[in-house]
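[1] when you get a sec, could you give me coordinates for this:
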Amino acid sequence: MYRGRPSPDHQPRAAAANDRQTAAWQRSGAVTVIRRPLGYPADWPTAPAQEKGIDVALAIDVVAMALRKEYDAAIVVSSDTDLMPAIETVYTGQLGHVELATWAGARRLRFPRTQLPWCHFISEPEYHTLQDLTDYTQVPGSE
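    Numbers count the residues shown, from 1 in each chain. Here you go, the predicted structure:
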């Protein structure tokens, strides 16, 4: 899971919740979480904080892990076309098997003039089965 981490200086409650969620996910053994600090514009909080460097970290890992043969199949869940060069590198270099997953109704990411790579579409009902509904803003034992 690649995601941003709120700054404790800007958003202490959100940062603490993000930390608790990350710890819980990693304890599960099913998820590795890669986080990078959110970027805060000068006019924050009027303008929202934004993830910075997450797409680059994901793209680098998709290629590097393929080169090291660390996965049987990479399924990249995104609708961001900025990831296509990394996916193209893995696919065209035959470095590994890569597929995409994106939201139903989103434009399908694919290579020009082909239907590749395979794309899974996640509907809203399917998304709700994947959601983590835990309230990580609640500190355990503080009720």
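[2] rest of the way, CA atoms for contacts and neighbours
    OK.
[3] burial check on Gly53, number of neighbours?
    Applying other CA atoms under 10 Å, we find 17 residues neighbouring Gly53.
[4] again, but for Met84
    15.
[5] wait, a helix at it?
    Yes. Counting by DSSP: H, G, I helix; E, B strand; the rest coil, Met84 is found in a helix.
[6] name the residues that touch stretch 127-143?
    13-14, 16-18, 20-21 (CA atoms under 8 Å, 6 or more residues apart in numbering).
[7] send me it as PDB with only the CA atoms.
    Extracted in PDB, the C-alpha atoms of stretch 127-143 (Å, rounded to 0.1, in the frame of the first residue of the first chain):
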ATOM      1  CA  TYR A 127     -15.000  -1.300  -3.200                       C
ATOM      2  CA  HIS A 128     -17.200  -1.400  -0.100                       C
ATOM      3  CA  THR A 129     -16.200  -5.000   0.500                       C
ATOM      4  CA  LEU A 130     -12.500  -3.800   0.500                       C
ATOM      5  CA  GLN A 131     -12.900  -0.800   2.700                       C
ATOM      6  CA  ASP A 132     -11.300  -0.600   6.100                       C
ATOM      7  CA  LEU A 133     -14.100   0.800   8.300                       C
ATOM      8  CA  THR A 134     -12.100   0.900  11.500                       C
ATOM      9  CA  ASP A 135     -12.200   4.300  13.200                       C
ATOM     10  CA  TYR A 136      -8.400   4.900  13.700                       C
ATOM     11  CA  THR A 137      -9.100   8.300  15.200                       C
ATOM     12  CA  GLN A 138     -10.200   6.500  18.400                       C
ATOM     13  CA  VAL A 139      -7.200   5.700  20.700                       C
ATOM     14  CA  PRO A 140      -7.600   2.200  22.100                       C
ATOM     15  CA  GLY A 141      -8.500   2.200  25.800                       C
ATOM     16  CA  SER A 142      -9.500   5.800  25.800                       C
ATOM     17  CA  GLU A 143     -13.300   5.300  25.600                       C
END
